[in-house]
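S.K.: I would like the atomic coordinates for the input below:
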Amino acid sequence: MAAAKVDHAVVSGTFSLDGQTFDVDNNIWVIGDESECVVIDAPHDVQAILDVVGERTLKAILLTHAHDDHCRVAPALREAANGGSGAPILLHPDEKPLWELTHTDHLWDVDVADGFEVTVGGTTLKALHTPGHAPGAVCWYAPDLGCVFSGDTLFNGGPGATGRSFSDHPTILRSIGEKLLALPDETVVHTGHGDDTTIGAERAGIEAAG
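M.R.: As a prediction, the model looks like this:
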């Protein structure tokens, strides 16, 4: 069996919150082997996500948080996955207020808590609860692959935005300090938007801000 790997694509759409809308490009991350995979977040375009999944079984849709640009097509992807047989959506329950801004008729399937684990393609992803950008924000850490999927918690250049509803700057700095800076410096950070970085590259800036 081939080792698990990370596949990537970028899709474009909008992000709306607090009465404002912005054009955004979102990263799609798919982790798995040749037969099965999981998706990190569900932005904008179901078919674009399924194109990365290919013929593999999609075991789950792992959401980092419930801003609309990360979860907008999650219910549609759930229905379309695996030839229509579906795939569960995983989300931290503290995201319910944000989720309900986008989805009033659908819920996710599995509550995620800090330390929750998902195994796919012979590798394990561990949920790190990192509130701040959003109350139930989660980063998915794959130690075997030497990477973490940070959503909008940590970017190339620093922490995610905290100027909108349901966010808090001291909280995101504490989350990053406690959960992400505890990872090895060489850990690759696959972000929700933009380029990769590493924990080591961001450490000094985060520690200075904290």
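
S.K.: every contact and neighbour count from this point should use C-alpha atoms.
M.R.: OK.

S.K.: A helix includes residue 172, no?
M.R.: Yes: secondary structure of residue 172 (DSSP: H, G, I helix; E, B strand; the rest coil): part of a helix.

S.K.: what sits closest to it if chain neighbours are left out?
M.R.: Nearest residue to residue 172 in three dimensions, chain neighbours excluded: residue 132, at 3.8 Å (CA to CA, 6 or more residues apart in numbering).

S.K.: all helices of this protein, in order?
M.R.: For the chain, helices defined by DSSP state H occupy the ranges 46-53, 68-71, 74-80, 96-102, 169-175, 199-209.

S.K.: related to what we said a few turns ago, thought the residue nearest to residue 172 was touching residue 165?
M.R.: No: using CA atoms under 8 Å as the test, residue 132 is too far from residue 165 to be in contact (10.5 Å).

S.K.: the more surrounded of the two?
M.R.: residue 132 (25 against 12; other CA atoms under 10 Å).

S.K.: for the more buried one, what are its contacts?
M.R.: Residue 132 makes contacts with 153, 162, 166-173, 175, as judged by CA atoms under 8 Å, 6 or more residues apart in numbering.

S.K.: JSON lines for those, including pLDDT?
M.R.: What follows is the contacts of residue 132, written out as JSON lines (pLDDT from 0 to 100):
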{"residue": "153", "pLDDT": "98"}
{"residue": "162", "pLDDT": "97"}
{"residue": "166", "pLDDT": "97"}
{"residue": "167", "pLDDT": "98"}
{"residue": "168", "pLDDT": "98"}
{"residue": "169", "pLDDT": "97"}
{"residue": "170", "pLDDT": "97"}
{"residue": "171", "pLDDT": "98"}
{"residue": "172", "pLDDT": "98"}
{"residue": "173", "pLDDT": "97"}
{"residue": "175", "pLDDT": "98"}
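
S.K.: other residues contacting stretch 202-209?
M.R.: Counting by CA under 8 Å, 6+ apart, 156-159, 173, 176-177, 181, 185 sit against stretch 202-209.

S.K.: and the furthest pair within the residues you listed?
M.R.: 173 and 185 (17.1 Å; CA to CA).

S.K.: neighbour count winner among those two?
M.R.: Per other CA under 10 Å, whichever of residue 173 and residue 185 has more neighbours is residue 173, with 23 against 15.

S.K.: next one: that one from residue 94, what distance?
M.R.: Note on residue 173: its distance to residue 94, by CA to CA, to the nearest Å, is 18 Å.

S.K.: which residues does residue 40 contact?
M.R.: By CA under 8 Å, 6+ apart, the contact set of residue 40 is 28-30, 61-64, 149.

S.K.: so how do I select the buried members of those residues in PyMOL?
M.R.: In PyMOL, this line selects whichever of those come out buried by 16 or more other CA atoms under 10 Å:
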select buried, resi 28+29+30+61+62+63+64+149
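
S.K.: can you list the contacts of residue 40 in CSV and add pLDDT and distance to residue 79?
M.R.: What follows is the contacts of residue 40, written out as CSV (pLDDT from 0 to 100; distance: CA to CA, whole Å):
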residue, pLDDT, distance to residue 79
28, 96, 18
29, 98, 19
30, 98, 18
61, 98, 11
62, 98, 15
63, 98, 16
64, 98, 20
149, 98, 24
